[in-house]
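Engineer: One predicted model, sequence on top.
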Amino acid sequence: MMLDEDNRKLSGGRAGRQLVAFLTGPFAVFGRSVIRWTNNSGAAVIFFLLAFQKIFRPKQVSKIVQQVYYIGARSSMIIMLVGLFTGMVLGLQMQSTLVNVGAQGYLGTIICSCIRLPTLLIRMSW
């Protein structure tokens, strides 16, 4: 009989609720964050599925091919122009540095190496 009264005193009232809140508080915070993360992940998956569904419609494929053409083939002049000026700046910077150390004869080799390195890295990644 005495045991039942002690249990009622501990489980009931403000002290019991505080103890329960103290013990379950960290789990509740963790649970809320997991539910929030799961909700956001589900929304992102639904968004991407709908986006892919809209992209790969028969009407869109011709537009995608057209945009790839404009981005790739039509911009080659701009790419060459940027490469030309980048090479000139690189040559000017390297010339002044190589003159200081007396190795100005290696300028062509360094420029050639700088131009070839990205293409070699691209080929190695395939």
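Structural biologist: Cool, the structure landed.

Engineer: CA only for contacts and neighbour counts going forward, please
Structural biologist: Will do.

Engineer: tell me the SS of Thr38?
Structural biologist: helix (DSSP: H, G, I helix; E, B strand; the rest coil).

Engineer: what's the distance between it and Ala44?
Structural biologist: Going from Thr38 to Ala44 by CA to CA, to the nearest Å gives 10 Å.

Engineer: again, but for Gly87
Structural biologist: For Gly87 relative to Ala44 (CA to CA), the value is 43 Å.

Engineer: Who has more neighbours out of the two?
Structural biologist: Comparing Gly87 with Ala44 by neighbour count (other CA atoms under 10 Å), the higher total belongs to Gly87, at 16 against 12.

Engineer: Might one say that that one is in contact with Ile111?
Structural biologist: Yes - using CA atoms under 8 Å, Gly87 makes contact with Ile111 at a distance of 7.5 Å.

Engineer: Next, show the common contact partners of the two.
Structural biologist: Counting by CA atoms under 8 Å, 6 or more residues apart in numbering, no residue touches both Gly87 and Ile111.

Engineer: how many other residues sit next to Ile35?
Structural biologist: 11.

Engineer: Can you check the pLDDT for it?
Structural biologist: Looking at Ile35, its pLDDT is 94.

Engineer: element containing it?
Structural biologist: Per DSSP states H and E, Ile35 falls inside helix 13-55.

Engineer: So which elements touch the following helix or strand past that helix?
Structural biologist: Next helix or strand after helix 13-55 toward the C-terminus (DSSP H and E): helix 58-72. Contact here means 3 or more CA pairs under 8 Å, 6 or more residues apart in numbering; DSSP states H and E; on that basis helix 58-72 packs against no helix or strand.
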